[in-house]
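Trainee: Just a sequence and a predicted model for now, questions to come.
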There are 2 protein chains.
Amino acid sequence: MKIVPPHSVGVVVPQTAQFGPIDLQCGVRLPHFEIVYETYGQLNADRTNAVLVCHALSGHHHAAGYHSMDDDKPGWWDVCIGPGKPIDTNRLFVVSLNNLGGCHGSTGPRSTDPSTGDPYGPTFPTVTVKDWVRTQAMLADTLEIPAFAAIIGGSLGGMQAMQWAIDFPDRIRHALLIACASKLSAQNIAFNEIARQAIVTDPEFHGGNYIKAGSNPDVGLRLARMLGHVTYLSDYSMGDRFGRELKSGDIASGHDVEFQVESYLRYQGSTFSKVFDANTYLLMTRALDYFDPARDYGDDLVKALGQATCKFLVVSFSTDWRFAPERSDEIIDALVAARKDVVGANIDAAHGHDSFLLQVPRYLELLSTYLDRVAAECGQ
Amino acid sequence: MKIVPPHSVGVVVPQTAQFGPIDLQCGVRLPHFEIVYETYGQLNADRTNAVLVCHALSGHHHAAGYHSMDDDKPGWWDVCIGPGKPIDTNRLFVVSLNNLGGCHGSTGPRSTDPSTGDPYGPTFPTVTVKDWVRTQAMLADTLEIPAFAAIIGGSLGGMQAMQWAIDFPDRIRHALLIACASKLSAQNIAFNEIARQAIVTDPEFHGGNYIKAGSNPDVGLRLARMLGHVTYLSDYSMGDRFGRELKSGDIASGHDVEFQVESYLRYQGSTFSKVFDANTYLLMTRALDYFDPARDYGDDLVKALGQATCKFLVVSFSTDWRFAPERSDEIIDALVAARKDVVGANIDAAHGHDSFLLQVPRYLELLSTYLDRVAAECGQ
């Protein structure tokens, strides 16, 4: 690009922070690990205007801006983060990290296990949302942020914000939970399991040791991505975008028929398999499946959320069938029962679960006005 | 079993009929083919009480009864077909066939191509719903059935009944369309394509020539079945049946965790891969994807259904998200616009698309009373 687009954070440089040790929930001690992160905007003098952005299943630290002037594609939430955007970097200091176990620079299955000299691969320990929140608190300590003005995320990112509110109530003032749930349903787990089975049964998976074997479970990853992708889109938006349009062939004779939607899915699948690690994919879906903050409180979500002292914004999208509006309603109802302040909003949007990443007018306005209050509260 | 259960057609013997040639829609001429079928009940003297049952994607001819006294599992629609059951074999003569291209005895990809001496495999021609209806009419000719009192099917079976009404209006008096649609949506096609990709990318698929290669794409078939299965169940029924129950392991530590739903799906997948042919699976999903009776009538469903002279029963299930009630509503509305007699019923049922196979009281009662009228009309 010749010039940085308006309202963009511009060119950003990822940073790396060192940590360790951490005793993970699974019982494994990780003696040392790295977290890659980006920040946008400026931390104010009293260190009160920080906002933490948590990524979802296939996300990473690069949430906004560009890595260079040759970069055409901005961060995954560039629509939302920047000067004058809902997460306004003129007023807020945004921290966006790649979670432990990821494959975009933070310590994960592709990293070298210092005790063996080989990539961790399948031996990388199970990580949970609670583990992630603790590592994020360690990052906040490194950045000398006593408490976040807000923590925000969509999908699995929203689950992290929820866990923060419960586990570190004095370090978060507003939790913004977008398109998430308090735990996954059997159907959610089923789709994740099919995706995992596609990966682990790919002969090129080699029990997770594909790097050592010099291969990659491309086919399995492609299938997993195709499946995930369909669950993030709405029936309506797929019909609107693709309908039954053909890319090629003749339906009457059945020769060389390829529907547009088939072509699109295969493209989505193959680009993903080149950039995402299979062991990370398994790890991320398991973190999703095991997330259940109420479990530590006798399966009582009201009691769990009762630990929070922050305020909440809970947003759902009408056509999201991955995490339907009813899932957000459960959270809202539990927060009300726990006597917390919550703004609950169901947004009319066509694009299913993916809507949380898109330019949906009422959604972005709501985030904007809510975060305006957050910024005003810290004098910004 | 020691004795045949009450209201069962009892032990049934499949029969085979020879046909040929047929010029398929794709342009290929099949010089000869076989159809395996079963019949239950008795054809009346004036040959007016015959009911054709059409199977869905993974179905076959064995819709009711048992193949022997050692057989514990009856036909796929035994809940619906038998003496005193909704499709009452005391009054109606039921014909149930395995469609061309199937893998349960009728000519299909596993059959020997007489011109090569090898199984057809991937060279078996594309077959469409219109082709199937023509072969079914040929079977009716062989059985000397001038017209069916009713033709009934669920899912892809319902699509066959719809095509009969349009293509052979004088050979069908009632069309019973259960849990189907007038054509597939982009989302439907997407799920079918993921299933197909799972099969064709399985290294043991060998381009469809797995029989010759002495292998079988078990892994791909398992994935395809797991995926299909999840789309046939409702979110509610999966939650009700499995919830987040564990089969093994400890979520808190993430050790050896296996959810009940994962175990169930893997079981469903592996039993299916042993009994269903991969090339047939591809063929069946393509027949589903290409089905679009309105296409022959300028994409005008009203005009297409206007060809029918029969009466219609159109049934949908509330939690079916594979073919949602809205899809049946489209059919009902088009039939009304085409000035046809139609009973439309949305049935409150918990089990999603699979409900059409299950013992749902209002559904079975409705079928029963509708078919009582059908039987009475032919003096039975």
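Mentor: Alright, I've got the coordinates. Numbering: from 1, shown residues only, chains lettered A, B, ... in the order given.

Trainee: only C-alpha atoms for contact and neighbour calcs from this point on.
Mentor: OK.

Trainee: Which other helices and strands does the helix or strand A:V343 falls within contact?
Mentor: Here A:V343 sits within strand A:342-347, counting by DSSP states H and E. Secondary-structure packing of strand A:342-347 (3 or more CA pairs under 8 Å, 6 or more residues apart in numbering or on different chains; DSSP states H and E): strand A:311-317, helix A:325-337.

Trainee: Pick the most buried one from the ones you listed.
Mentor: strand A:311-317 (a mean of 24; mean count of other CA atoms under 10 Å in any protein chain shown).

Trainee: quick one: strands adjacent to that strand?
Mentor: Pairing partners of strand A:311-317, with direction, according to DSSP bridges: strand A:174-178 (parallel), strand A:342-347 (parallel).

Trainee: Following the chain past the first one, name the next helix or strand.
Mentor: Using DSSP H and E, the next helix or strand after strand A:174-178 towards the C-terminus is helix A:186-200.

Trainee: before we move on, what about the longest one?
Mentor: Downstream of strand A:342-347, the first helix or strand assigned by DSSP H and E is helix A:361-377.

Trainee: how far does the strand holding A:V343 sit from the chain's center?
Mentor: 20 Å (CA atoms, centre = their mean, to the nearest Å).

Trainee: do stretch A:363-380 as well
Mentor: 21 Å.

Trainee: Would you mind listing the buried residues in it?
Mentor: By 16 or more other CA atoms under 10 Å in any protein chain shown, the buried positions in stretch A:363-380 come out as A:Y363, A:L364, A:L366, A:L367, A:S368, A:Y370, A:L371, A:D372, A:V374, A:A375, A:C378.

Trainee: mind putting the residues you listed in TSV, pLDDT and distance to A:Q42 included?
Mentor: Putting those into TSV (pLDDT from 0 to 100; distance: CA to CA, whole Å) gives the following:
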residue	pLDDT	distance to A:Q42
A:Y363	97	25
A:L364	97	22
A:L366	98	23
A:L367	98	20
A:S368	98	18
A:Y370	98	20
A:L371	98	16
A:D372	98	16
A:V374	98	15
A:A375	98	12
A:C378	95	13
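
Trainee: Turn these into TSV, including distance to A:Q187.
Mentor: Formatted as TSV, those follow (distance: CA to CA, whole Å):
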residue	distance to A:Q187
A:Y363	27
A:L364	29
A:L366	30
A:L367	29
A:S368	33
A:Y370	32
A:L371	34
A:D372	37
A:V374	36
A:A375	39
A:C378	42
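
Trainee: Which one of the residues you listed is nearest to chain B?
Mentor: A:Y363 (25.1 Å; CA to the nearest CA).

Trainee: Name the nearest residue to the closest one, ignoring sequence neighbours.
Mentor: Leaving aside its sequence neighbours, A:Y363 sits nearest to A:I347 (CA to CA, 6 or more residues apart in numbering or on different chains; 6.5 Å).

Trainee: The one you found touches A:F317, doesn't it?
Mentor: Yes: using CA atoms under 8 Å, A:I347 is in contact with A:F317, at 4.8 Å.

Trainee: quick one: common contacting residues for the two?
Mentor: Residues within reach of A:I347 and of A:F317 at once, by CA atoms under 8 Å, 6 or more residues apart in numbering or on different chains: there are none.

Trainee: what about the strands in the stretch 151-300 of chain A?
Mentor: A:174-178, A:246-250, A:255-259 (DSSP state E, counting those that start in this stretch).
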